[in-house]
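Student: Model the structure of this input:
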Amino acid sequence: MPASVRPGRRGMRASAAVATASSPDGRTLIRRLASAPPLTLRQTGPYTVHLISTAAGPLGGDRLSLDLDVAPRTTLELGSVASTLVLPGDGTSEMLVTARVGAGATLRFTPEPTVLAAGCEHRLLVRLELAADAEVLWREEIVFGRHGEASGRCHARFDATCDGRPVLRQEFTVGDPAVDTSPAVYGSARCVGTTYLTTSAKEPVVAEGVAVLPLAGPGTLVSALATDAVQLRSRLEWGERTTLTPPP
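Tutor: Down below sits the predicted model:
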């Protein structure tokens with residue numbers, strides 16, 4: 001069912017939501033699926049949902065939000081069918097993703113990359129609340145502009161809390177040419193990505209363009225830089241495999 005959409009000169013307001021429930025025999029049910037363009041959700045499997053873009057954007061001035069509620073002992077896998085293209089417009093656009101993952105529940109969040117078109121101003125905010133024994137794999141990928149163009153600007157922030165305690169607070173900015181090209185920041189890279197996993201890696205691992213870093217609390221952060229989206233995905237997936245299936 002549609003959520004609120006209020007287009008106007010100051011941008012669009014749209015929200016979407018997914019919620020799971022457990023059936024009497026223990027299966028996962030998608031009990032709520034609420035959409036509003038450009039955030040349109042389709043159930044594509046027993047516990048799988050995909051975002052399908054049904055309008056351009058986000059554009060400058062848009063405020064979009066996605067709410068995920070994964071009930072205890074259920075599973076949700078959320079992806080997207082295409083990349084998200086952030087376009088310039090009147091003001092700053094914002095995408096807020098809020099997720100709650102209950103006891104014994106599993107969430108796999110793996111959308112396609114976010115592409116920052118030249119001239120855009122964007123905020124990407126994630127708020128993740130986990131029960132102590134929840135399992136999560138949360139991947140974010142950002143591409144610095146379309147082919148042959150400069151990157152737009154993006155400020156990304158990720159806040160994860162487990163059992164009421166903070167486990168990860170991270171933020172970074174893309175789109176400042178004076179900073180991005182520094183060897184200490186992105187250098188010649190055209191993409192940046194991270195994966196947060198509740199699984200704890202045995203030890204830090206660093207390879208070309210990717211780092212696997214155990215967190216002080218439960219969990220691991222995989223960070224990668226790359227020249228293109230294909231290389232970025234490959235490096236992140238390598239880091240994820242290294243965390244989930246460490247060598248004996």
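
Student: from what I can see Gly119 touches Ser151, true?
Tutor: No. Look at Gly119 against Ser151 with Cβ atoms under 8 Å: they stay out of range, at 9.7 Å. C-beta: built from backbone N, CA, C; applies to glycine.

Student: who has more neighbours, these two?
Tutor: Applying other Cβ atoms under 10 Å to Gly119 and Ser151 shows that Ser151 carries more neighbours, namely 24 against 17.

Student: Quick one: residues contacting that one.
Tutor: The neighbourhood of Ser151, defined by Cβ atoms under 8 Å, 6 or more residues apart in numbering, consists of Leu116, Ala118, Phe144, Gly145, Val174, Gly175, Asp180, Arg190.

Student: need the longest helix for this protein.
Tutor: The longest helix of the chain (DSSP state H) is helix 229-244.

Student: Give me the packing partners of the helix or strand containing Phe109, helices and strands only.
Tutor: For Phe109, the host element (DSSP states H and E) is strand 106-110. Strand 106-110 sits against strand 63-70, strand 75-80, strand 93-101, strand 135-143, with contacts defined as 3 or more Cβ pairs under 8 Å, 6 or more residues apart in numbering; DSSP states H and E.

Student: Now render these as CSV, adding distance to Gly45 and mean pLDDT.
Tutor: CSV is the format used below for those (distance: least, Cβ to Cβ, whole Å; pLDDT from 0 to 100):
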stretch, distance to Gly45, mean pLDDT
strand 63-70, 15, 97
strand 75-80, 7, 98
strand 93-101, 18, 97
strand 135-143, 16, 98
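
Student: State the distance from the spatially most central residue of the chain to Ile30.
Tutor: Relative to the mean C-alpha position of the chain, the nearest C-alpha, by Cα atoms, centre = their mean, is the one of Glu140, at 4.0 Å. The gap separating Glu140 from Ile30 is 23 Å, by Cβ to Cβ, to the nearest Å.
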